[in-house]
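Student: Below are the sequence and a predicted model; questions follow.
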Amino acid sequence: MELASRYVEIETHKVHYWEGGQGFPVLMMHGVGPGTSIMGNFEPALSALSDRYHIFATDLIGFGDSARKSTQPYFDVDLWVRQGVALLGLMPDGPVGIAGHSLGGALALKVAAASNRVTHVLTSSTIGADYPLNQYLDAFWSLPADRVKLRAAMADMVFDSAAVSEAMIEGRWNLLAQEGYSDYFESMFAGDRQRFVTAGVVSDSELKTINEAKKNVLMIHGTDDKPCPAHLTTEVLGERIPHAAVRLINDCGHNLPREYTQHYLDAAFDLYP
């Protein structure tokens, strides 16, 4: 099913999203990194998903084809959660699903806690629990000086570095090369990056809301995720959401929807009605 490129204004920001398909509505949110976008995280899965569901796949404010913030902080979890809630208003009435990757997984859980319309949550390689910033995530949140540095950072996102294609490198580099974007990205991640991990923590009150509502939660994660190790993130959240299903995928790094697209699709097909 073909996806249509659309824009909507949210809190004075021009927000980009892709829409397509029919059936159960699903909002998709990506993670954050150099040149990240919704297509960067999910492109291999989107066509098959839109064959079965009504997909709304958004670029977070500051990424992809969405507008940048004009004032600090540029790393703004609260704004991205409000972006997600606002996009729910564009979706058909009734229950909806949400899918998030990496930081987008934490956003998905936070949006689910903020809206009783969200009944199904799929996370992949999510953060959401506090853990010490490691060298791989620190490097990924650093501005790459050139394509070689970008490739090295992206190679740490996957189990098999051969999975990092030239098209992926060029797609991200072209976003970073946009006028002013390098300065914007560097400012977004300036200072002690540990605080960004902490900012993505799913709070006790949010977890309580998810648990009390018995929202359907499926969390998938690669066993070889270097920047966001499963035992420090998904498995911790899984213990705090007792009814959640957790699936670990062997020989899989952080970029799960691209590395193991069929596993990702199988999870979505099992979860969403």
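Tutor: Everything's here; your move.
Student: Tell me where the stretch 1-150 of the chain has helices.
Tutor: 38-50, 77-88, 103-114, 135-140, 147-155 (DSSP state H, counting those that start in this stretch).
Student: Need the winner for burial among those helices.
Tutor: Across those, averaging neighbours per residue (mean count of other Cβ atoms under 10 Å) puts helix 103-114 on top, at a mean of 28. Placement of C-beta: from N, CA and C, glycine included.
Student: Which elements pack onto that one?
Tutor: When contacts are defined as 3 or more Cβ pairs under 8 Å, 6 or more residues apart in numbering; DSSP states H and E, helix 103-114 sits against strand 25-29, helix 77-88, strand 96-101, strand 118-124, helix 204-213, strand 216-222.
Student: can you tell me the average pLDDT over it?
Tutor: Averaging pLDDT along helix 103-114 gives 98.
Student: try stretch 247-254
Tutor: Computed over stretch 247-254, the average pLDDT equals 96.
Student: now the end-to-end length of it.
Tutor: 14 Å (Cα to Cα, to the nearest Å).
Student: In that stretch, which of the residues would be classed as buried?
Tutor: Of the residues in stretch 247-254, 248-249, 252-254 count as buried by neighbour count, 16 or more other Cβ atoms under 10 Å.
Student: returning to what we had before: dump the helices of the stretch 1-150 of the chain into CSV; add distance to Met168 as well.
Tutor: Supplementary listing: those in CSV, determined by distance: least, Cβ to Cβ, whole Å:
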stretch, distance to Met168
helix 38-50, 7
helix 77-88, 23
helix 103-114, 18
helix 135-140, 14
helix 147-155, 7
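Student: re the thing from before, can you tell which of the helices and strands packed on helix 103-114 is closest to Asn134?
Tutor: Closest to Asn134 of the helices and strands packed on helix 103-114 is strand 216-222 (Cβ to Cβ; 15.0 Å).
Student: which one of the helices of the stretch 1-150 of the chain has the lowest average pLDDT?
Tutor: For these, where the average pLDDT is lowest is helix 147-155, sitting at a mean of 80.
Student: Give me the angle between the helix or strand following that one and helix 38-50.
Tutor: Following helix 147-155 in sequence order, the next helix or strand is helix 166-176 (DSSP states H and E). For helix 166-176 against helix 38-50, the angle by axes from the mean of the first three to the mean of the last three Cα atoms, to 10 degrees is 120 degrees.
Student: isn't Leu133 right up against Val197?
Tutor: Yes: if you go by Cβ atoms under 8 Å, Leu133 and Val197 touch, sitting 5.6 Å apart.
Student: Tell me which of those two has more neighbours.
Tutor: Val197 (25 against 16; other Cβ atoms under 10 Å).
Student: what secondary structure does the more buried one sit in?
Tutor: Secondary structure state of Val197, per DSSP: H, G, I helix; E, B strand; the rest coil, is helix.
Student: Tell me which residues touch it, please.
Tutor: 127, 130-131, 133, 137 (Cβ atoms under 8 Å, 6 or more residues apart in numbering).
Student: Repeat that for Val246.
Tutor: Taking Cβ under 8 Å, 6+ apart as the test, what Val246 contacts is 219-221, 234-235, 238.
Student: Neighbours of the nearest residue to Ser66 once chain neighbours are set aside, how many?
Tutor: Distances taken as Cβ to Cβ, 6 or more residues apart in numbering put Asp59 closest to Ser66, at 4.1 Å, once the chain neighbours are dropped. The number of residues packed around Asp59, counting by other Cβ under 10 Å, is 24.
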